[in-house]
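*Asks:* let's see this in three dimensions:
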Amino acid sequence: MNDPIIEVQQAVKHFGGVPALDGLTLSIPAGGIYGLLGRNGAGKTTLIRILATLLRLDAGRASIAGHDVTTDARAVRQRIGLAGQFTAVDGHLTGRENVVQFGRLSGLSHRAAKARTDDLLARLGLNVAADRLVRTYSGGMRRRVDLAASLIGRPRVLFLDEPTTGIDPASRREVWQLIRELTAEATTVLLTTQYLDEADHLADHLAVIDHGRLITEGTPTDLKDRIGTAVIDVQVSTHQCATALAALETLAPRYDHGRDRMSIAVRDGPETLQDVLRRLAAAEITPTDVALHRPTLDDVFLALTRQADRCTAGTMP
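*Replies:* Numbers count the residues shown, from 1 in each chain. I've put the predicted structure just below:
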């Protein structure tokens, strides 16, 4: 295990009395891609902004490469790059001018900034549009310029806060490849994303947080294995949901309200599937869809956040 390059100890941050971080502790080793998962409002962006020295902790401490984010913020800023949820590019400059400007601000000579910019824009598929004003770019193109700007200084730690939001599927794959290549350049990536397939594809290690607290962490494979070797998905018509849930209650189904779908994590998939179908038939319910599959990060995420909700409500999961 590498020495940690990011350390967070008992971090606390409140907004108007509401805790965004509530004693969060993390230790992230150098190198690789570390994914941070959580629902909207879980505290992911707050943590990124604190680590990037844009917010101050109310209590606890955090450091980057041994430098405290509060007392040694200047040294921290020299070692990090940030691509936030919203692009920070100037629409009155060209894509090339934006990235070169960030290079100059990070201390590169004009010649070095231009060479690095040319390389990044080519890798991000922006070389053809590089000399157009950014205000003429699509949202996805603006996002790629923002990524190039965050990378130009070759940061030791790169914070990517939902980096592919608004990017088309083809460009998204290109960004994934670029993020992967960063680890070969000894850059540690801290990634937040709402796309669980993205986290599964990219992250070497994952942490799930909720209500500003760490729920669990591990490799994507570890997290999937914890909830079972298989998942049964059952979909029924809306008016039969309550009856179906009652019929399957002892199997602890997780209910997705948005799709009238129940998911059951199991160890013996085929046997339990037969039991599920028998119970539904006895309740005179014909499912509209049934599937048996290996756990995905979606299954992990739903299981863990459901458990967190029960704990917050004061009940046992």
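*Asks:* so which strand or helix has residue 189?
*Replies:* strand 188-192 (DSSP states H and E).
*Asks:* run the chain-centre distance for stretch 164-177.
*Replies:* Distance of stretch 164-177 from the chain centroid (Cα atoms, centre = their mean, to the nearest Å) equals 14 Å.
*Asks:* I should have written stretch 106-122 there, sorry.
*Replies:* 28 Å.
*Asks:* residues making contact with stretch 124-140?
*Replies:* 89-96, 98, 118, 121, 141-142, 144-145, 147-148, 166-168, 171, 174-175, 178 (Cβ atoms under 8 Å, 6 or more residues apart in numbering). No exception for glycine: its C-beta is placed from N, CA and C like everyone else's.
*Asks:* out of these, which end up buried?
*Replies:* 89, 93-96, 98, 121, 141-142, 144-145, 147-148, 166-167, 171, 174-175, 178 (16 or more other Cβ atoms under 10 Å).
*Asks:* re earlier: among the contacts of stretch 124-140, which are in helices?
*Replies:* Here DSSP state H is the test, and those give 95-96, 98, 118, 121, 141-142, 144-145, 147-148, 171, 174-175, 178 as lying in helices.
*Asks:* for stretch 171-189, which positions count as buried?
*Replies:* Applying a neighbour-count criterion of 16+ other Cβ under 10 Å, the buried positions in stretch 171-189 are 171-172, 174-175, 178-179, 182, 187-189.
*Asks:* farthest pair in those?
*Replies:* 171 and 188 (23.7 Å; Cβ to Cβ).
*Asks:* which stretches in this structure count as strands?
*Replies:* 4-15, 18-29, 33-37, 59-64, 67-68, 80-83, 157-161, 188-192, 205-210, 213-218, 230-235, 254-256, 261-266, 289-293 (DSSP state E).
*Asks:* any chance of those in TSV, plus mean pLDDT and distance to residue 137?
*Replies:* What follows is those, written out as TSV (pLDDT from 0 to 100; distance: least, Cβ to Cβ, whole Å):
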stretch	mean pLDDT	distance to residue 137
strand 4-15	96	32
strand 18-29	95	32
strand 33-37	95	27
strand 59-64	97	31
strand 67-68	97	35
strand 80-83	90	15
strand 157-161	93	19
strand 188-192	94	23
strand 205-210	94	32
strand 213-218	93	37
strand 230-235	90	40
strand 254-256	81	36
strand 261-266	85	38
strand 289-293	91	39
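*Asks:* rebuild those as TSV, extending it with distance to residue 243.
*Replies:* Shown next, in TSV, are the strands of the chain (distance: least, Cβ to Cβ, whole Å):
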stretch	distance to residue 243
strand 4-15	42
strand 18-29	38
strand 33-37	33
strand 59-64	48
strand 67-68	57
strand 80-83	48
strand 157-161	42
strand 188-192	39
strand 205-210	30
strand 213-218	32
strand 230-235	12
strand 254-256	13
strand 261-266	12
strand 289-293	16
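*Asks:* out of the ones you listed, which gets nearest to residue 113?
*Replies:* Closest among the strands of the chain, using Cβ to Cβ: strand 80-83, at 14.2 Å.
*Asks:* neighbouring strands - and their directions - for the closest one?
*Replies:* strand 157-161 (parallel) (DSSP bridges).
*Asks:* shaky segments in the protein?
*Replies:* For the chain, the stretches with pLDDT under 70 are 1-2, 258-259, 306-317.
*Asks:* with adjacent residues omitted, what lies nearest to the residue of it most remote from its centre?
*Replies:* Residue farthest from the centre of the chain, counting by Cα atoms, centre = their mean, is residue 282 at 41.8 Å. Nearest residue to residue 282, sequence neighbours excluded (Cβ to Cβ, 6 or more residues apart in numbering): residue 247, at 7.1 Å.
*Asks:* touching, the one you found and residue 287? I think so.
*Replies:* No: with contact defined as Cβ atoms under 8 Å, residue 247 does not reach residue 287; the gap is 11.0 Å.
*Asks:* list residues touching both of those two?
*Replies:* residue 280.
*Asks:* between the ones in helices among the contacts of stretch 124-140, which sits nearest residue 50?
*Replies:* Of the ones in helices among the contacts of stretch 124-140, the one sitting nearest to residue 50 (Cβ to Cβ) turns out to be residue 147, at 21.5 Å.
*Asks:* surely the closest one meets residue 182?
*Replies:* No: here residue 147 does not reach residue 182: they are 10.5 Å apart, not a contact under Cβ under 8 Å.
*Asks:* what sits up against stretch 237-246?
*Replies:* Taking Cβ under 8 Å, 6+ apart as the rule, stretch 237-246 contacts 234, 236, 253, 255, 260, 262, 280, 283, 285, 287-288.
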